[in-house]
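Q: the following comprises the amino acid sequence and a computationally predicted model.
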There are 2 protein chains.
Amino acid sequence: MSSSPSTTATVLVTGGSGYVGSHCVLSLLEHNYRVIVIDNLVNSVQLDNCPLPESLKRVEEITGKRLVKFYNTNIENAETMEKIFQEHSPIDVVMHFAALKAVAESISKPLLYYQNNVIGSIALLAMMDKFNVKKFIFSSSATVYGVPEYLPLDEKHPIGRSCANPYGRSKFMVEQILEDLCRSQPELSVISLRYFNPVGAHESGRIGEDPSDIPNNLMPYITQVATKRRPYLQVYGNDYETEDGTPIRDYIHITDLTTGHIAALREILNDSSSWNGYHPINLGTGVGSTVLQVIAAFEKVSGVHIPYKVVGRRAGDLCTLYADAQLAQIRLGWKATHTLEEMCSSAWNWQSNNPNGYRQYST
Amino acid sequence: MSSSPSTTATVLVTGGSGYVGSHCVLSLLEHNYRVIVIDNLVNSVQLDNCPLPESLKRVEEITGKRLVKFYNTNIENAETMEKIFQEHSPIDVVMHFAALKAVAESISKPLLYYQNNVIGSIALLAMMDKFNVKKFIFSSSATVYGVPEYLPLDEKHPIGRSCANPYGRSKFMVEQILEDLCRSQPELSVISLRYFNPVGAHESGRIGEDPSDIPNNLMPYITQVATKRRPYLQVYGNDYETEDGTPIRDYIHITDLTTGHIAALREILNDSSSWNGYHPINLGTGVGSTVLQVIAAFEKVSGVHIPYKVVGRRAGDLCTLYADAQLAQIRLGWKATHTLEEMCSSAWNWQSNNPNGYRQYST
């Protein structure tokens, strides 16, 4: 029964049935980690008679491996969370994906976002503290940078000064809390992975991004138009100061995002104290693409025409964001390797094989 | 039974048994508001067989008026809070004083501060939303300004960029949440009163600042030295860039702070929509005093010598802070009128009459 300590580590994953979470859980299982998943399923599909949400059911099928356990609960639920931590103690690392993430909704329902994202994180950290869990990987977002003061955005760029929406501010607040917490407890190791724009799907085409309503993000909107689930794509403004007038984002393949998490996990499990403290790290490619470039790339790889209409700008949207991805390379030995075409083709592979996502019928 | 609508308004006060809260409750009762108080008493004294904390018992005695009701509960306790809101509906205004406030403790226990101050506020706002309460007065702090980029500090000064401690950041976060909330619900009226350094006590000398441990703030430390409860005052650093090397703060008499709250309440109860939205307003005098100047003023009015020792700087302390207090004058018709000597003499009147504060015996 010998195996390297790192591969038998126990990882508690919150929000593990969501888009990013489920892809990371898949990779964690492939790497033989012991994985416990908590998710309240507000953005997930669970089919009749199945104990798991559909995404994680498929993750188990794809990998041929099993989760240690899945819990359908809110992370703010102290009583349940205490039982979970108790049951699975010692937990080596917590990976915290659980959050609401729709920018527009966050503007209309800020309290909901602060409740879920900030209260949820504080409650989780308090539980970690109680059970002496010292390692934490947080799903942060490039949104914390707000309006860029310079580009590319590196980790030294000020955060929180001009976050355009409550979603971004909720991520910023959690980062601040984590930083203060690390200052007060130097033995903690925390990595905040600041995602740029994750897109695409696992190569199996069996798991992917599956928004429950009209997509807030570009790629699932495109793929739903491609499958004729939506009649056309709405492009939110073409009067930005970019080459074609549409906003520039740093899209990153979900598979690259996942390997970034595995790299961070491997590092943080390292016994060396070099990861003590608070470490924000960008996960991006360093390359930006406009909305129209993404559409063109998608049309090229899928052969499907994507009709679109330009509508007004969306509140809270910024013009141009892309990462300086050097720190991840230096500290995690990681860099993104997938192209925009690969992102599009994997997204299309997922959507065309699952026109209604995880649902059996269209919504 | 005719009285003006404003004086029969129902005001829910959180943290009403604390230093600032109790003085404001006193003034609310004097102005004939219907006052419901919620406090978890973590920083209060409740003597045997008394249903009220000692501060509020005395407030009732001083005013000859009664609270509508006092509740000993945490504001995060949704079940209890719902009953309170239900019982007293409609509540016209919530005044939110409840918070932890010790800067040094916030650095060593950040999670505790975020739990109390941020989670507590979000929970309270969610309950207000549920019961359709539209008016909110928040106890904020000059600490939100962080390291001043210019002086005096006006309300347009950036906030949150360099808050020196989790206490300040927790106030900043609540301000951000309030601002987002007002943007999403334009019918809300929110005033954040940014306190500078409240000191002194009610003229009766029967209520005042009563820290449960070694004081974090200057004035109660001085008065406890004056009563010989502490052997000497610790002055945290005399190498700041000020005229005598000790930090400069804008001390404000608690009575002035209280009239500022009453002015804000009167305004926000006004039916005019001019208070819709989010309104941060400084409560300060506009004048700064060094630590040594406060000591000298205290010695002058009390005739008591205050021995002190200069010790190292305290983590998180800033050099110089004082308010631009014009906005309060313009919008609330309010300005501070009490001198530093009056602050000192009222603090001394309280402490000398209550050498152990609200306790019957010294701690």
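A: Yep, it's here. Keep in mind that this is a model prediction, so the values were computed, not measured.

Q: alpha carbons only for contacts and neighbour counts from here, please
A: Noted.

Q: residue ranges of the helices in the stretch 1-150 of chain A, please?
A: Residue ranges of the helices in the stretch 1-150 of chain A, as given by DSSP state H, counting those that start in this stretch, are A:19-30, A:54-63, A:78-88, A:103-108, A:110-113, A:120-130.

Q: quick check: A:Thr73 touching A:Thr80?
A: Yes: A:Thr73 is within contact range of A:Thr80, at 7.5 Å (criterion: C-alpha atoms under 8 Å).

Q: ok, back up a step: weakest of the helices of the stretch 1-150 of chain A by average pLDDT?
A: Mean pLDDT is lowest for helix A:103-108 among the helices of the stretch 1-150 of chain A, at a mean of 90.

Q: who are the packing partners of the helix or strand bottoming out on mean pLDDT in chain A?
A: The helix or strand of chain A with the poorest confidence is helix A:103-108; it has a mean of 90 (mean pLDDT, DSSP states H and E). Other elements packing on helix A:103-108 under the criterion 3 or more C-alpha pairs under 8 Å, 6 or more residues apart in numbering or on different chains; DSSP states H and E are helix A:166-184, helix B:166-184.

Q: against A:Leu318, how distant is A:Ala142?
A: Noted for A:Ala142: a distance of 11 Å to A:Leu318, by C-alpha to C-alpha, to the nearest Å.

Q: settle it for me: which of those two has more neighbours?
A: A:Ala142 (27 against 18; other C-alpha atoms under 10 Å in any protein chain shown).

Q: per-residue confidence for the closest residue to A:Pro186 other than its chain neighbours?
A: Nearest non-adjacent residue to A:Pro186, counting by C-alpha to C-alpha, 6 or more residues apart in numbering or on different chains: A:Gly277, 5.9 Å away. A:Gly277 is assigned 97 on the pLDDT scale.

Q: got the contact list for A:Gly277?
A: Taking C-alpha atoms under 8 Å, 6 or more residues apart in numbering or on different chains, we find A:Gly277 in contact with A:179, A:182-183, A:186-190.

Q: if you set the cut-off to 6 Å instead, what comes out?
A: A:182, A:186, A:188-189 (C-alpha atoms under 6 Å, 6 or more residues apart in numbering or on different chains).

Q: show me which residues of chain A are close to chain B?
A: Chain A has residues A:108, A:110, A:119, A:181, A:184 near chain B, with proximity defined as C-alpha under 6 Å from any C-alpha of the partner chain.

Q: show me where chain A dips below the pLDDT cut-off.
A: Residue ranges of chain A with pLDDT under 70: A:1-7, A:361-363.

Q: strands of that one, residue ranges please.
A: Secondary structure of chain A (DSSP state E): strands located at A:10-14, A:34-39, A:69-72, A:93-96, A:135-141, A:189-195, A:197-199, A:233-236, A:248-249, A:251-253, A:277-283, A:289-290, A:308-311.

Q: return the most buried member of the ones you listed.
A: strand A:251-253 (a mean of 27; mean count of other C-alpha atoms under 10 Å in any protein chain shown).

Q: in its sheet, which strands sit next to that strand, and in what direction?
A: Sheet pairing of strand A:251-253 (DSSP bridges) gives strand A:197-199 (parallel).

Q: A:Leu233 and A:Tyr308 touch, don't they?
A: Yes: the pair A:Leu233 and A:Tyr308 qualifies as a contact (C-alpha atoms under 6 Å) at a distance of 4.3 Å.

Q: now the end-to-end length of stretch A:32-47.
A: 27 Å.

Q: check what contacts that stretch and list those residues.
A: Here stretch A:32-47 makes contact (C-alpha under 6 Å, 6+ apart) with A:7-16, A:53-54, A:67-74.

Q: residues near whichever residue of the stretch 151-300 of chain A sits closest to chain B, how many?
A: In the stretch 151-300 of chain A, no residue comes nearer to chain B than A:Ser184, which is 5.1 Å away by C-alpha to the nearest C-alpha. The tally of other residues near A:Ser184 (other C-alpha under 10 Å) stands at 17.
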